[in-house]
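*Asks:* Pasting the sequence and the predicted model now:
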Amino acid sequence: KGPSMVQNHHGSDPSSTTLTSTQSSTTNTTGSTGSTGSTSSGTGDSGTGDSGTSTFPGLGTGPGTGSCDPAAYPGGYSDTFAVPSPCAPVKECGAYLGSVFVTKACPADPAGPKAPVAPVITTQMVTEAAKVTAPVSPPHVEPGNRSYVHIPNNYWTDAPTVNTSITLLGQQIPLRWTPSGTTWSFGDGASATGNGVQGADVGAPDALEHSYGRQGSFDITTTTNYNLTFVLPGGGTQTVQLVSPPSPPVTLPVSEIQTRVSYLR
């Protein structure tokens with residue numbers, strides 16, 4: 001059997017619309033004495049098949065003028081006969097009434113409106129952001145800004161507990177920096193730990209001393225170890241260990257002291 005033919009008869013029963021299977025032609029007949037037009041799109045003989053005929057309610061006067069609702073076609077449905085043709089996907093709540101889509105209120109979500117998802121801040125995110133803001137402990141050298149070979153100097157720094165804060169994803173997070181130790185670099189390859197004592201005499205308890213074995217100019221820096229405490233949003237109190245960046249250097253010139261002995265006659 002060939003493609004479908006739509007045949008609309010308007011005469012004694014103008015409301016009747018039928019679909020008849022034919023080889024490949026469409027015939028429209030108007031009235032008992034009206035003109036007949038036919039369009040052939042195939043190479044076979046035109047004619048009317050002997051298969052059953054299905055009635056399509058709401059088809060109107062031809063393809064593209066019927067309902068978009070498949071339920072309106074109990075004898076079979078094709079979007080060829082729908083308006084628009086083919087039917088556009090329904091993106092609203094409602095139903096078609098003939099060729100007109102009637103909207104209605106969509107049913108409410110039983111779970112209710114969804115709250116916006118808060119951004120998740122992790123311990124690693126806080127740690128990475130905080131380490132570049134870690135407080136530094138500036139080094140101090142006594143008795144002054146110059147030293148001499150093999151002469152010990154007194155070194156000290158102040159490393160107090162510091163409260164700061166950072167902002168991540170729009171949330172402010174307070175930070176508490178509690179120092180746990182200070183490491184010194186004297187610029188000649190030597191290092192030491194401790195905070196030292198300001199104004200300490202040579203050999204005093206907890207004093208931090210260092211002398212240089214050669215003359216030159218040496219950059220002295222410190223790094224401070226901290227226990228960093230903060231409250232992670234939604235995760236409770238966290239404590240991590242961090243090391244501060246090196247402090248700005250203090251440059252110490254070191255000279256030699258030479259002794260000359262001369263004899264008088």
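*Replies:* Happy to help now that I have it.
*Asks:* low-scoring stretches of the stretch 51-200 of the chain, by residue?
*Replies:* By pLDDT under 70, the low-scoring segments of the stretch 51-200 of the chain are 51-92, 109-113, 118.
*Asks:* if we go to 80?
*Replies:* 51-119, 144 (pLDDT under 80).
*Asks:* What are the boundaries of the helices in it?
*Replies:* 123-131 (DSSP state H, counting those that start in this stretch).
*Asks:* in it, which spans are strands?
*Replies:* 54-55, 94-97, 100-103, 140-142, 147-148, 153-156, 162-168, 171-185, 191-193 (DSSP state E, counting those that start in this stretch).
*Asks:* Figure out which of the ones you listed is closest to Gly203.
*Replies:* Comparison of the strands of the stretch 51-200 of the chain against Gly203 by C-beta to C-beta identifies strand 153-156 as nearest, at 10.3 Å. For every residue, glycine as well, the C-beta is placed using N, CA and C.
*Asks:* what sits up against the closest one?
*Replies:* Contacts with strand 153-156, where a contact means C-beta atoms under 8 Å, 6 or more residues apart in numbering, come from 139-143, 147, 184, 192, 195-200, 202, 207-211, 220, 252.
*Asks:* ok, back up a step: ranking the strands of the stretch 51-200 of the chain by burial, who's on top?
*Replies:* Highest mean neighbour count among those (mean count of other C-beta atoms under 10 Å): strand 153-156, with a mean of 22.
*Asks:* mind saving the C-alpha coords of that one as PDB?
*Replies:* Extracted C-alpha coordinates of strand 153-156, given in PDB (Å, rounded to 0.1, in the frame of the first residue of the first chain):
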ATOM      1  CA  ASN A 153      76.200  39.200  69.500                       C
ATOM      2  CA  ASN A 154      72.900  39.000  71.300                       C
ATOM      3  CA  TYR A 155      69.800  38.200  69.200                       C
ATOM      4  CA  TRP A 156      66.100  38.400  70.100                       C
END
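*Asks:* Partner strands of it and their direction?
*Replies:* Here strand 153-156 has these sheet partners by DSSP bridges: strand 140-142 (antiparallel), strand 208-210 (antiparallel).
*Asks:* Which residues does the last one contact?
*Replies:* By that I understand strand 208-210. Contacts for strand 208-210 (C-beta under 8 Å, 6+ apart): 152-156, 184, 186, 190, 192, 194-197, 202-203.
*Asks:* Summarise which helices and strands the helix or strand where Thr224 lies is packed against.
*Replies:* Using DSSP states H and E, Thr224 sits in strand 216-232. Here strand 216-232 touches helix 123-131, strand 171-185, strand 236-243, strand 250-255, going by 3 or more C-beta pairs under 8 Å, 6 or more residues apart in numbering; DSSP states H and E.
*Asks:* Looking at those, which is nearest to Ala115?
*Replies:* strand 171-185 (16.6 Å).
*Asks:* so what strands line up beside the closest one?
*Replies:* strand 162-168 (antiparallel), strand 191-193 (antiparallel), strand 216-232 (antiparallel).
*Asks:* and the longest one with strand 236-243, angle?
*Replies:* What it means is strand 216-232. 170 degrees (axes from the mean of the first three to the mean of the last three C-alpha atoms, to 10 degrees).
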